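In: Below are the sequence and a predicted model; questions follow.
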Amino acid sequence: MPDPAPPPPPAPKKQTRGVINKADANALNETEGVIAGAQNAAYSGPLATRGITALMVTTLDTDTGICRKDAARAAQADFFAQKKTKLEAAAKDTLLTAFRYFQNAARAKFPTDADAQHEFFIGQDLAGASRPDLELFCDGLIEKLVTEPLAEKGVTAAEIAALPGKVEAWTDSDTDQHNAQEAAQTLRTGVDAQLASIKARRTDIRLAANLEWPHTDKANAPIRRAFGLPPEKPYVP
């Protein structure tokens, strides 16, 4: 029969914790609690007879610490990607505002000339265009403004000269956004794989504890709680 009043489990060791998302934090905190129970000298021996060795627990502890750091990196990468997305949106808005300014001047100069308006890409869905298409529109507009600067409608040479810089600012920010999103996704995929392994091994420990200290013996309730098991009913993963 197991000892109904074992010594208290050791306090989980303190770890430096970065900012990670709530779901990751909950999963890792839960695992650390199970590890603390499995490392308790009063419980480790019985667990070993159920296939949970000290090496397995130590490895899980190490992997959990690594995952916590990687989860923090993934969260930071996601935040960085969101920031880059906002910067891309702002750069694109600035570009489209300038593009439409020239289109409005063209409409004013050519109110009934559909062919002339077409050369300024009037009627194109600028906001919904793909990057390649929008780059082509921008290149075409820049080229058109060389031969038709719309000076009669108040468009200045300085405004035209500023357009290529706005195009470059947008394409650069779009590239930065893509790279940041790709990096964040790569880190997230890695963390998800780590968490899947950690959760599976946490379940193995709980199943062993559930077998060693069944809920049918009320004296086992404190031990079951140490492993996050329901004290009065069987554990179902």
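Out: Arrived safely.
In: any chance you could map the strands in this structure?
Out: In chain order, the chain shows no strands, with DSSP state E as the criterion.
In: Which stretches in it count as helices?
Out: In the chain, helices defined by DSSP state H lie at 22-39, 41-48, 54-109, 114-119, 131-147, 157-212, 221-226, listed in chain order.
In: Kindly tell me how buried Phe99 is, as a neighbour count.
Out: The number of residues packed near Phe99 is 21, by other CB atoms under 10 Å. Heads up, the C-betas are built off the backbone N, CA and C, glycines and all.
In: do Asp61 as well
Out: Neighbour count of Asp61, defined by other CB under 10 Å: 18.
In: these two touch, right, it and Ile35?
Out: Yes - the criterion here is CB atoms under 8 Å, and Asp61 meets it with Ile35 at 5.0 Å.
In: Spatially central residue in the chain, please.
Out: For the chain, the residue nearest the mean C-alpha position is Asp78 (4.0 Å; CA atoms, centre = their mean).
In: Make JSON lines from the helices of the chain and add mean pLDDT to it.
Out: Formatted as JSON lines, the helices of the chain follow (pLDDT from 0 to 100):
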{"stretch": "helix 22-39", "mean pLDDT": "97"}
{"stretch": "helix 41-48", "mean pLDDT": "97"}
{"stretch": "helix 54-109", "mean pLDDT": "98"}
{"stretch": "helix 114-119", "mean pLDDT": "98"}
{"stretch": "helix 131-147", "mean pLDDT": "98"}
{"stretch": "helix 157-212", "mean pLDDT": "98"}
{"stretch": "helix 221-226", "mean pLDDT": "97"}
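In: quick one: which of those is nearest Pro237?
Out: Evaluated with CB to CB, the helices of the chain place helix 157-212 nearest to Pro237, the distance being 4.8 Å.
In: so what secondary structure elements neighbour that closest one?
Out: Counting contacts by 3 or more CB pairs under 8 Å, 6 or more residues apart in numbering; DSSP states H and E, helix 157-212 packs against helix 22-39, helix 41-48, helix 54-109, helix 131-147, helix 221-226.
In: how about a cut-off of 6 Å?
Out: Under the contact criterion of 3 or more CB pairs under 6 Å, 6 or more residues apart in numbering; DSSP states H and E, helix 157-212 touches helix 22-39, helix 54-109, helix 131-147.
In: I'm done for today, thanks for sticking with me.
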